[in-house]
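J.: give the three-dimensional model of this entry:
(chains A and B)
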Amino acid sequence: NAGVTQTPKFQVLKTGQSMTLQCAQDMNHNSMYWYRQDPGMGLRLIYYSASEGTTDKGEVPNGYNVSRLNKREFSLRLESAAPSQTSVYFCASSDGQRYVQYFGPGTRLTVT
Amino acid sequence: GENVEQHPSTLSVQEGDSAVIKCTYSDSASNYFPWYKQELGKRPQLIIDIRSNVGEKKDQRIAVTLNKTAKHFSLHITETQPEDSAVYFCAASTAGYSTLTFGKGTMLLVSP
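T.: Residues are numbered from 1 along each chain as shown, chains lettered A, B, ... in the order given. Next up is the predicted model:
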């Protein structure tokens, strides 16, 4: 049981480049989330998917898009990376009822 | 939307002392309050949670109290140990939604 997995672990992009962060969970959870973590700012919700087939904006969605590919996988795409998107990105999942969220190991992204 | 304030931002204690971290929330409909611990370079992990129908919950050396009237909740760690050193995040979830709003975090340093 791997829980929540994320790829890649590290990534360096140049301004304007695009990339997709991948997330998968094997806990049969309905809900999945993408957060970014910046120093002193806590965890801020970018997008979430309450169930397969639905996605909604969180607190800081600008510059990002998401795809809930199936029940297991939820990807985050940066179409044109900017230095302000330098951050650590965490994916999380929950069963949608008990509200307990389980986090992946994170992706450290640097945009130069 | 929900707003969660967390204090203090840093807390230094001696091994064996108690530590208290406090959070306030704004949405009176919030009904679930988890606490996460994040060690350096690791993912956030749930350490304890409380629901709005309970005033206090304890798990060995950690406890959480909730005051719904005042809209605040606190994490109490007794007999602190160096391995308790980490960043602690509080969060609040609103009834009917599976999203969490996080506080900005408290860095707890336990000196031997």
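J.: wait, isn't residue B:94 in contact with residue B:30?
T.: Yes - in this structure, residue B:94 is within contact of residue B:30 by C-beta atoms under 8 Å, at 5.2 Å. No exception for glycine: its C-beta is placed from N, CA and C like everyone else's.
J.: kindly report the residues of chain A close to chain B.
T.: By C-beta under 8 Å from any C-beta of the partner chain, the residues of chain A that approach chain B are A:31, A:33, A:40-45, A:48, A:50, A:58-59, A:90, A:94, A:96-97, A:99-106.
J.: now, of those, which are buried?
T.: A:31, A:33, A:42-45, A:48, A:50, A:58-59, A:90, A:94, A:99-104, A:106 (16 or more other C-beta atoms under 10 Å in any protein chain shown).
J.: those strands in chain B, which residues are they?
T.: Counting by DSSP state E, chain B has strands at residues B:4-7, B:10-14, B:19-25, B:30-38, B:45-51, B:56-59, B:62-67, B:72-77, B:86-94, B:100-102, B:106-111.
J.: can I get the CA coordinates of the last one in PDB?
T.: By that I understand strand B:106-111. Extracted C-alpha coordinates of strand B:106-111, given in PDB (Å, rounded to 0.1, in the frame of the first residue of the first chain):
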ATOM      1  CA  THR B 106       4.100  26.900  14.300                       C
ATOM      2  CA  MET B 107       7.800  25.800  14.400                       C
ATOM      3  CA  LEU B 108       8.300  24.000  17.700                       C
ATOM      4  CA  LEU B 109      11.900  23.600  18.900                       C
ATOM      5  CA  VAL B 110      12.600  21.300  21.900                       C
ATOM      6  CA  SER B 111      16.000  21.700  23.400                       C
END
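J.: just to revisit the earlier point, what is in contact with residue B:94 and residue B:30 at once?
T.: Common neighbours of residue B:94 and residue B:30, counting by C-beta atoms under 8 Å, 6 or more residues apart in numbering or on different chains, are residue B:2.
J.: neighbour-wise, which of those two wins?
T.: Per other C-beta atoms under 10 Å in any protein chain shown, whichever of residue B:94 and residue B:30 has more neighbours is residue B:30, with 22 against 19.
J.: residue B:31 and chain A: what is the separation?
T.: Per C-beta to the nearest C-beta, to the nearest Å, residue B:31 is found 9 Å from chain A.
J.: ok, that residue - how many residues close by?
T.: 17.
J.: contacting residues for it?
T.: Contacts of residue B:31 by C-beta under 8 Å, 6+ apart are B:51-52, B:93-95.
J.: please apply the same query to residue A:61.
T.: Contacts for residue A:61 (C-beta under 8 Å, 6+ apart) come out as A:46-47.
J.: hang on, it is in a helix, isn't it?
T.: No - counting by DSSP: H, G, I helix; E, B strand; the rest coil, residue A:61 is not found in a helix; it is coil.
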